[in-house]
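Colleague: Sharing a sequence plus its predicted fold:
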Amino acid sequence: MDKFFIPTNNPEDWRQFQKYLERREKERQKQKERRKQARATYEWLTNNLLSKELQQLTNGYIWHTEKRLEGLGVNERVDLVAEPISGGRHIYIEIEGGQSRPVSNVVKIWRHVAEGKLKEPILLIQIFSPYYKKSEGSHNTRMEESIFVGLQSEKATPNIIYKCFRPSEWPPSADKLSSLTQKISALM
């Protein structure tokens, strides 16, 4: 049924319209539950596990989780940040476990750089969970939009290098993080 369908006075039209609204609400609830599960599944990564693994794997960096960006609001945080011990690029990692607008994570960093709040050179790595499937649909579009904006930020701002990837499968537990940490290390 067309989403712009306007029922007439015909009772059958109204029944079909009601069914349409019910299907739409069920799909919205399913999508909301999938996002909630995805966030819970991937949230453990930002709770120090990934930073500890990366600290062991990479030399010359100090890793922090949930670093707050100054000046734009209380929710402006970066999932993981690596500060170089002796000069070089800072590494900013955003983990997209199922966020409905992953592009906002790129924009907040780009904005801080453009406004002079972040002066150091930055390598921004955006990791898309398998939740962002390589198929038609809004999640794929959101991932593509985020990648587009990331590449534009790299072109417009010499202090930013943007990299991203989407693993074919997410590490199911902390002891399976090595493939993810190896990929991040290779991008650095």
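Modeller: All right, it came through fine. Predicted model, so just to flag it, every value in this text is computed and none were measured.
Colleague: name the element residue 170 belongs to?
Modeller: For residue 170, there is no host helix or strand (DSSP states H and E).
Colleague: does it really touch residue 130, like I thought?
Modeller: Yes. Contact criterion CB atoms under 8 Å: residue 170 and residue 130 qualify, at 5.6 Å. Just so you know, the C-beta spots here come from the backbone N, C-alpha and C atoms, and that holds for glycine as well.
Colleague: Next secondary structure after the top helix by length along the chain?
Modeller: Identified as the longest helix of the chain according to DSSP state H is helix 11-44. Using DSSP H and E, the helix or strand that directly follows helix 11-44 along the chain is helix 50-57.
Colleague: quick check: mean pLDDT across the stretch of helix or strand residue 148 belongs to?
Modeller: Using DSSP H and E, residue 148 sits in helix 138-156. Averaged across helix 138-156, the pLDDT comes to 88.
Colleague: Tell me which strands the helix or strand following that helix pairs with, and in which orientation.
Modeller: Using DSSP H and E, the helix or strand that follows helix 138-156 in sequence is strand 160-165. The strands that strand 160-165 pairs with in its sheet are strand 122-128 (parallel) (by DSSP bridges).
Colleague: ok, residues contacting the strand it pairs with?
Modeller: 89-96, 102, 105-106, 109, 113, 143, 146-147, 150, 153, 159-167, 180, 184, 187-188 (CB atoms under 8 Å, 6 or more residues apart in numbering).
Colleague: Also stretch 70-88?
Modeller: Under CB under 8 Å, 6+ apart, the answer for stretch 70-88 is 45-46, 50-51, 54, 58, 60-69, 90-95, 105, 108-109, 111-112, 115, 117, 121, 188.
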